[in-house]
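Novice: Please work out how this folds:
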Amino acid sequence: MGEGFPSSVLFCCDHNAVRSPMAEGFMKQLYGQRAYVQSAGVHNDLDIDGFAIAVSAEKGVELSRHRSRSFEEMMDWGDDLSGFDLIVALSPASQRAALELTRYAHIDVEYWPIMDPTGLGETRETKLQAYRQTRDQILKRMLERFGPASQ
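Specialist: Sure, this is the predicted structure:
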C-alpha cells in the first residue's frame with residue numbers, strides 16, 4: 001500500500017452507480033481540494049442508484065447529479081488513467097480492469113473489498129441498512145488510508 005496522501009485518486013467499481021460514486025463524494029467531502037478525485041466503472045449501463053443517493057445525503061454528500069461513466073468513456077473524454085497517483089478498486093472486476101489498463105504505467109492500484117449492497121434486503125428499510133453498511137465500510141477504509149478529515 002502506498003504511503004502519504006495522493007494528489008489524484010480514481011475510485012472504481014462495476015457500474016459507477018453505487019460504491020465508486022459514494023467513495024468519490026466522501027473523499028471530496030472529507031479532504032476537499034487536497035486531491036483531484038474522480039470515479040468510474042467497468043461499465044456505465046446504470047444510472048446513479050437512488051439508495052446510494054439517500055444514504056450519502058444522510059451524511060451530507062450530494063450524489064443526485066452524478067453521471068455514471070466507464071473507464072472507456074473517461075479515456076474518450078481525455079482523462080488519462082496514467083494521470084492518477086492512485087486507483088482504488090472497490091470490486092474484483094474493477095480491480096482486474098484497473099490493473100489491465102495501467103499495466104504499463106506506474107500507478108498504485110489498491111483493492112478495498114467493499115460489499116455490493118444491490119439486491120440485498122426485502123423492504124426499503126432493510127435495503128437502506130445494506131447501503132448504509134457499504135457507505136460505512138467506505139468511510140472506515142478511507143479514514144484508515146488517508147487519515148483524519150481536512151479542516
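Novice: and the residue most central in space within the chain, how far is that from Leu81?
Specialist: By Cα atoms, centre = their mean, the chain has its centre lying nearest to Ser20, at 2.2 Å. When distance is defined by Cβ to Cβ, to the nearest Å, Ser20 is 14 Å away from Leu81. Backbone N, C-alpha and C define where each C-beta goes, glycine included.
Novice: hang on, the residue nearest to the centre of the chain in a helix?
Specialist: Yes - counting by DSSP: H, G, I helix; E, B strand; the rest coil, Ser20 falls inside a helix.
Novice: who's in contact with it?
Specialist: When the contact criterion is Cβ atoms under 8 Å, 6 or more residues apart in numbering, the partners of Ser20 are Phe11, Cys12, Cys13, Ser39, Ala40, Gly41, Leu90, Ser94.
Novice: And for Ala149?
Specialist: Neighbour list for Ala149: Gln29, Leu30, Tyr31, Leu143 [criterion: Cβ under 8 Å, 6+ apart].
Novice: Repeat the analysis, applying 10 Å as the threshold.
Specialist: Ala149 sits next to Phe26, Gln29, Leu30, Tyr31, Gly32, Met142, Leu143 when contact means Cβ atoms under 10 Å, 6 or more residues apart in numbering.
Novice: Would you show me how to pick out the buried ones of the residues you listed in ChimeraX?
Specialist: Burial among the contacts of Ala149 is assessed by 16 or more other Cβ atoms under 10 Å; the matching ChimeraX selection reads:
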select :26,29,30,31,142
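Novice: So Val61 versus Glu24, what's the distance?
Specialist: Counting by Cβ to Cβ, the separation of Val61 from Glu24 is 9 Å.
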